[in-house]
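Participant: Generate a structure from the sequence data that follows.
(one chain, ligands or ions: 2)
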Amino acid sequence: MIRYIDELQLTGKRTFIRVDFNVPLEGRRVTDDTRIREALPTIRRALELGGKVILASHLGRPKGADPKLSLEPVAQRLAELLGPKHEVILTDDCIGDGVKKQVKDLKEGQVVVLENLRFHKEEEANDEAFSRELAALADVYVNDAFGTAHRAHASTAGMVPFVKEKAAGLLMKKEIEYLGGVLKTPEKPFVAILGGSKVSDKIKVIESLLPKVDALLVGGAMAYTFLKAQGVEVGKSRVEEDKLSLATRLMDAAHRLKTPIVLPVDHIVGTEPTDKSPAQETPDNAVPKDMMGLDIGPKTRALFTQHIRDARTVVWNGPMGLFEVAKFAEGTRSVATAMANNKEAITVIGGGDSAAAVEQMGMADQLSHVSTGGGASLEFLEGRELPGIKALETR
Ligand SMILES: Nc1ncnc2c1ncn2[C@@H]1O[C@H](COP(=O)(O)OP(=O)(O)O)[C@@H](O)[C@H]1O
Ligand SMILES: O=C(OP(=O)(O)O)[C@H](O)COP(=O)(O)O
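Facilitator: Ligands and ions are numbered 1, 2, ... in the order given. Next up, the predicted model:
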């Protein structure tokens with residue numbers, strides 16, 4: 001059983017909230033603040049409930065204390081979002097007596113943001129002494145960092161047993177409800193769409209989704225590994241050579257289950273994965289020898305749109321092409337549009353680049369749920385127990 005923040009009594013209590021403020025930066029500017037905005041309901045609720053709020057997050061993958069990965073730009077953005085009633089104080093470090101004092105001296109309306117947890121290698125090592133140091137800052141532990149729930153680190157797992165009370169935040173709750181609902185009781189037809197480039201990262205989710213879905217649509221670079229495994233000419237397209245036999249096994253498994261894996265029937269091809277490349281349609285599913293597939297073609301867009309239109313549950317992870325370049329973004333746009341247009345379906349996007357794409361295309365608010373977790377949502381959909389959620393279980 002998991003408790004949620006609403007069930008806690010927080011008045012005067014030091015409330016340590018693990019958030020996922022791992023946001024993209026350009027220099028000292030936050031380029032996408034979705035994860036910060038998504039954490040606001042929990043932060044506001046903790047403040048309303050009278051808690052002394054301590055926010056903790058990692059940012060990037062620093063080797064030691066790297067000033068380029070300071071949470072300062074994040075704290076600044078948070079202060080703008082919280083408005084003038086709240087002061088956001090960034091600490092120099094995430095542990096130690098200085099921080100303890102800053103937390104103790106917090107005044108009403110103030111919020112503390114601890115400096116990047118990963119400035120200490122002990123965070124990722126899930127070190128016990130470091131976990132105890134973090135726990136010493138808290139009367140109550142709240143985890144709202146769904147995007148990091150697949151990591152068993154000090155702040156997501158190690159410190160939890162050393163704090164008296166624990167609960168999940170409201171973002172965590174929303175993610176568990178949507179993604180869990182999709183897994184447990186998907187309304188049929190259930191269609192999953194997978195794309196992007198990393199077959200190896202997504203292969204397990206294909207395996208675990210196959211018995212549950214009515215159709216699995218594959219686009220993006222991932223499609224070329226499947227097409228090549230079937231003997232189709234893929235030219236210079238990105239292929240994970242060491243996954244060809246696995247792709248064949250998955251196609252066989254799909255055949256046995258009578259669940260179609262729907263592959264592209266045409267492509268937009270180019271000469272290189274940049275905006276300098278020309279873009280040209282292919283008549284069928286073959287890619288010319290000297291070209292590479294960089295997006296799904298118009299016939300595939302129509303085919304995928306039809307599957308999505310008829311579905312009642314749709315889960316999507318991974319863009320259909322090199323969507324960062326406009327001439328190769330139509331496939332990704334058509335999937336996003338088909339999902340946004342299907343108002344009768346539960347439509348869920350599993351984080352990462354697909355979430356960035358729908359955000360960029362302005363369609364995020366027309367979908368049922370856009371997850372803040374990339375890796376975390378995939379592992380959740382694979383049916384794996386996430387350490388950050390497991391640590392919150394009370395029994
Ligand atoms: N056909 C393709 N050729 C080259 N790159 C592609 C192709 N299709 C998609 N991509 C790239 O894959 C990347 C996203 O892949 P991935 O990280 O697996 O997705 P996600 O972050 O959504 O999990 C994007 O940068 C996109 O441009
Ligand atoms: O951004 C994250 O993961 P994601 O890119 O898979 O969504 C999380 O903050 C986890 O970060 P990590 O993959 O460096 O442990």
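Participant: I206 and R249 touch, don't they?
Facilitator: No. Between I206 and R249 there is no contact under CB atoms under 8 Å: 10.5 Å. Every residue, glycine included, has its C-beta placed from N, CA and C.
Participant: So which of these two has more stuff around it?
Facilitator: Ranked by neighbour count (other CB atoms under 10 Å), I206 and R249 place I206 first, with 23 against 14.
Participant: List the contacts of the more buried one.
Facilitator: 194, 216, 250 (CB atoms under 8 Å, 6 or more residues apart in numbering).
Participant: same check, this time on Q9
Facilitator: Neighbour list for Q9: L49 [criterion: CB under 8 Å, 6+ apart].
Participant: any idea whether it is helix, strand or coil?
Facilitator: Using DSSP: H, G, I helix; E, B strand; the rest coil, the three-state assignment for Q9 comes out as coil.
Participant: Please report the distance of it from V358.
Facilitator: 38 Å (CB to CB, to the nearest Å).
Participant: So which of the contacts of I206 is the closest to G362?
Facilitator: Proximity of those to G362 (CB to CB) peaks at L194, which lies at 23.2 Å.
Participant: Just to check, the closest one is in contact with M320?
Facilitator: No. At 9.8 Å, L194 does not count as touching M320 under the criterion of CB under 8 Å.
Participant: list residues touching both of the two?
Facilitator: In contact with both L194 and M320: 219-220, using CB under 8 Å, 6+ apart.
Participant: Compare the two (neighbour count), which wins?
Facilitator: Neighbours around L194 and M320, counted as other CB under 10 Å, are more numerous at M320. The numbers are 35 against 26.
Participant: before we move on, the earlier item: in helices, which of the contacts of I206 fall?
Facilitator: Judged by DSSP state H, the subset of the contacts of I206 located in helices is L250.
Participant: Can you show me the helices along the stretch 201-350 of the chain?
Facilitator: Counting by DSSP state H, counting those that start in this stretch, the stretch 201-350 of the chain has helices at residues 222-229, 244-257, 298-310, 330-341.
Participant: Output those helices as a markdown table; include the columns mean pLDDT and distance to K198.
Facilitator: Converted to a markdown table, the helices of the stretch 201-350 of the chain look like this (pLDDT from 0 to 100; distance: least, CB to CB, whole Å):
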| stretch | mean pLDDT | distance to K198 |
| --- | --- | --- |
| helix 222-229 | 97 | 8 |
| helix 244-257 | 96 | 13 |
| helix 298-310 | 98 | 20 |
| helix 330-341 | 98 | 16 |
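Participant: With respect to burial, which of the ones you listed scores highest?
Facilitator: Mean neighbour count, computed with mean count of other CB atoms under 10 Å, is highest for helix 222-229 among those, reaching a mean of 25.
Participant: Report how many residues lie close to the residue in the stretch 1-150 of the chain positioned nearest to ligand 2.
Facilitator: Closest to ligand 2 within the stretch 1-150 of the chain is N22: 3.4 Å, counting by CB to the nearest ligand atom. Residues lying near N22 (other CB under 10 Å) number 21.
Participant: just checking, it touches D33?
Facilitator: No. Using CB under 8 Å, N22 is not in contact with D33; the gap is 12.0 Å.
Participant: Closest to ligand 1 out of the contacts of I206?
Facilitator: Nearest to ligand 1 among the contacts of I206, with distances taken as CB to the nearest ligand atom, is L194, at 8.8 Å.
Participant: check contacts around the residue lying closest to Q230 once chain neighbours are set aside.
Facilitator: Excluding its sequence neighbours, the residue lying closest to Q230 (CB to CB, 6 or more residues apart in numbering) is M251, at 7.0 Å. Applying CB under 8 Å, 6+ apart to M251 gives the contacts 226, 229-230, 261.
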